Structure formats: C-alpha cells, structure tokens
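A.B. asks: Need the 3D shape of this:
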Amino acid sequence: MHAVLLKGQGLTIERPARSTGAAVGIVVSGVALALSMALLARGLGWPTSWPAFTAYVGAGLLIAVAAAFAFWTWACITMRYMVGPAGVTIRWGPIRHQIPITRIEAITAGRLEQNPTVRGIGWLGYHVGRGRAGNFENVLFFSTHRSPQEIVYVSTADTSYAISPRDPARFASEIQRFYQLAVSKGENLDGEPTVERDLVAAHPIWTDRTAQYLALGGVLINLVLWGYIFANYPELSNQITIEFPPIGSITTLHSRDEIFKIPATATAILGLNFVFSLLFQPRERAATYLLLTGSVFFQVAFLVAAVVAIVNA
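C.D. replies: Alright, predicted model coming up:
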C-alpha cells in the first residue's frame with residue numbers, strides 16, 4: 001500500500017494482487033483468439049456452403065469470447081481501491097463505487113467458513129459480481145482473492161463490499177483513520193453510496209432489456225438468413241433468375257453470387273438501425289424501440305424474400 005497526496009489531502013491507494021487473475025484472463029483470451037483465427041482460415045479455404053458458414057459463425061463467437069475476456073482482464077489489471085476523507089472508492093474498469101466514509105458500519109476480515117459465492121465474473125484469482133458469504137447476504141465482490149481469508153468486507157447498512165487489499169490490516173486502519181477524522185471535524189457525509197460510470201458504460205443500452213432482446217432478435221434472424229443462403233448456394237445454377245421485390249423486380253439471368261445482395265442489404269439495414277438506436281436511446285427511448293422493431297421486421301421480410309428467390313431461382 002502507498003499513500004499519495006491529492007489537492008493537499010491524504011489519499012490511500014491500494015491495488016490488489018492481480019497476477020493470477022490477469023494471467024488466467026490473458027491465456028483464455030489468447031487461446032480463444034488463436035482458435036478463432038484458425039477456424040476463420042479453415043472456413044476461407046472451403047467453398048461457399050453450410051460448413052463454411054458454421055466456421056465463420058464459430059470464429060465470430062470465439063472473437064467475442066476473446067474480446068470479453070480481454071475487457072475483464074483489463075478491468076482486473078486496473079482495479080484499485082482508494083480511501084480518502086470522503087470515503088472508499090472501488091474502481092473496476094469503467095465503473096466506480098463510492099462509499100461515504102460515515103456510511104461504513106463495519107470492516108470484517110474474511111474467514112474460511114464463510115464460503116463466499118459469486119454470481120458474475122469469476123475464475124481463479126478474480127471475482128466480480130453479486131453474491132453472499134456467511135452472514136453477509138448482499139455482497140458486491142470486487143476482489144482477486146484465491147482463498148476466503150484474503151477478503152475484507154466493508155459493510156454499510158444494506159450492502160457489503162468484498163475487496164482484497166494486499167495489506168488488509170493497514171487498509172482497515174486507514175478507513176478508521178479517515179472515519180475518525182471526519183467525525184472529529186463534524187463533517188456531514190451522510191450521502192448514500194453511489195455508482196459512477198464512464199461514457200460508454202453509462203449508456204442505457206446496458207440496462208434496457210427490451211432493447212437488448214429486440215437487438216438480439218434482429219441479429220439471430222440475420223444469421224438465419226445468411227445460413228439459409230450459404231446452405232442453398234451450392235445447389236444453385238451458375239446463372240439464376242432472381243425475383244427480389246425489396247430491390248426491384250429482377251427477372252433477367254444473373255450470376256448466382258447476386259443472391260448475396262439479399263443478406264448484404266439486410267445486414268446493412270440492421271447495422272444502420274443499430275447505430276441510430278444507440279444515438280436516440282439516451283434521449284428518446286420510444287424511437288429506439290421503433291428502430292429495433294423495424295430491424296426485426298426487415299430481417300423477417302428479407303428472410304422471406306430469400307426463400308422466394310431461391311425457390312424461384
């Protein structure tokens with residue numbers, strides 16, 4: 001632990017042990033990325049077909065997994081706890097939990113028999129999420145503990161925060177020192193614990209389940225559309241007749257590659273609707289729902305158009 005000075009006031013900053021948690025995250029992210037590249041390379045070597053499509057989807061999913069673990073690992077590496085006159089601040093990635101110093105009711109060392117359980121991000125040496133531990137029913141974990149004894153519980157009236165400072169005894173004494181300082185000065189720090197988020201993390205899309213389900217529905221239907229085209233492409237003649245009302249009545253012969261205009265157009269509409277939905281949501285949620293519902297409708301319409309086009313090809 002080390003203390004620094006900020007605007008003339010003492011501020012104690014503690015970084016938890018992160019080597020184990022960060023190492024696990026880096027390995028998982030790296031393996032997922034390597035597998036995605038291998039799967040993508042294999043898919044590019046295959047002709048346009050259902051197996052190639054599954055390879056692309058698998059590579060995309062692995063890239064998403066690699067990105068998620070990379071983000072969680074970054075949040076682990078940059079996680080820190082700060083104690084100052086105003087209270088305790090827990091920094092995890094783009095989120096900061098601030099606990100007023102006079103709201104802290106107890107500081108408790110972790111014990112083996114408490115058997116903490118976490119619902120959220122969790123692997124060896126890294127635990128973030130809600131859970132419980134012994135008599136603590138409502139616990140927010142921001143720790144890198146490998147055993148329950150490495151945890152320190154900072155408790156308020158309704159929530160306990162599980163953290164893992166390198167030097168628990170000194171960290172607890174720093175909280176007590178700033179608490180006594182606040183009391184001696186008669187400072188009124190009776191505000192409630194708060195959560196602050198950076199610009200991206202503060203976007204309402206992360207907590208809007210309706211918007212999330214609509215977006216997911218559009219993506220899934222779009223994937224079905226691409227899968228249908230890939231699965232039927234090998235059976236098409238080199239020259240086909242496409243009847244596709246959404247982009248006009250095309251009745252002349254075309255290369256079968258023209259069939260990909262259908263999912264490509266659908267994907268472009270989906271992407272534009274997503275972008276405008278994100279822009280509108282902070283100010284007008286109804287417009288966001290309208291755009292995302294329209295995305296789902298258009299994906300269904302293009303899927304039907306693809307079925308008609310292939311049947312008539």
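A.B. asks: where does the protein dip in pLDDT?
C.D. replies: 1-9, 186-190, 242-252, 313 (pLDDT under 70).
A.B. asks: any idea which helix or strand carries residue 278?
C.D. replies: helix 261-280 (DSSP states H and E).
A.B. asks: what helices or strands is the next helix-or-strand element following that helix leaning on?
C.D. replies: Once the chain leaves helix 261-280, the next helix or strand it forms, by DSSP H and E, is helix 285-312. Secondary-structure packing of helix 285-312 (3 or more CB pairs under 8 Å, 6 or more residues apart in numbering; DSSP states H and E): helix 209-232, helix 261-280. The way it works is simple: take the backbone N, C-alpha and C, and place the C-beta from them, glycine included.
A.B. asks: tell me how far the helix or strand just after the first one is from the chain's mean position?
C.D. replies: Sequence-wise, the next helix or strand beyond helix 209-232 is strand 239-241, with elements assigned using DSSP H and E. Distance of strand 239-241 from its chain centroid, counting by CA atoms, centre = their mean, to the nearest Å, is 44 Å.
A.B. asks: can you map out the helices along this protein?
C.D. replies: Using DSSP state H, the helices found in the chain span residues 19-44, 50-78, 168-184, 209-232, 261-280, 285-312.
A.B. asks: need these in JSON lines with distance to residue 98 and mean neighbour count, can you?
C.D. replies: JSON lines is the format used below for the helices of the chain (distance: least, CB to CB, whole Å; neighbours: other CB atoms under 10 Å):
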{"stretch": "helix 19-44", "distance to residue 98": "23", "mean neighbour count": "16"}
{"stretch": "helix 50-78", "distance to residue 98": "17", "mean neighbour count": "17"}
{"stretch": "helix 168-184", "distance to residue 98": "13", "mean neighbour count": "16"}
{"stretch": "helix 209-232", "distance to residue 98": "26", "mean neighbour count": "17"}
{"stretch": "helix 261-280", "distance to residue 98": "27", "mean neighbour count": "17"}
{"stretch": "helix 285-312", "distance to residue 98": "27", "mean neighbour count": "18"}
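A.B. asks: and of the ones you listed, who's closest to residue 108?
C.D. replies: helix 168-184 (9.1 Å; CB to CB).
A.B. asks: returning to that earlier point: could you dump the helices and strands packed on helix 285-312 into CSV with distance to residue 155 added?
C.D. replies: Formatted as CSV, the helices and strands packed on helix 285-312 follow (distance: least, CB to CB, whole Å):
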stretch, distance to residue 155
helix 209-232, 30
helix 261-280, 38
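A.B. asks: between those helices, which gets nearest to residue 84?
C.D. replies: For those, proximity to residue 84 was assessed by CB to CB; helix 261-280 is nearest, at 35.2 Å.
A.B. asks: Setting aside sequence neighbours, what's the nearest residue to residue 168?
C.D. replies: Leaving aside its chain neighbours, residue 168 sits nearest to residue 152 (4.7 Å; criterion: CB to CB, 6 or more residues apart in numbering).
A.B. asks: can you check residue 90 too?
C.D. replies: Per CB to CB, 6+ apart, closest to residue 90 is residue 97, 4.3 Å.
A.B. asks: what's the domain layout of this protein?
C.D. replies: 2-12+79-197, 19-77, 204-312 (automatic domain parsing).
A.B. asks: The last one: how far from the chain's middle?
C.D. replies: Computed by CA atoms, centre = their mean, the chain-centroid distance of domain 204-312 equals 25 Å.
A.B. asks: Endpoints of it, how far apart?
C.D. replies: 44 Å (CA to CA, to the nearest Å).
A.B. asks: quick one: contacts for residue 153?
C.D. replies: Residues counted as contacts of residue 153 (CB atoms under 8 Å, 6 or more residues apart in numbering) are 106, 107, 108, 109, 110, 133, 136, 139, 160, 161, 162.
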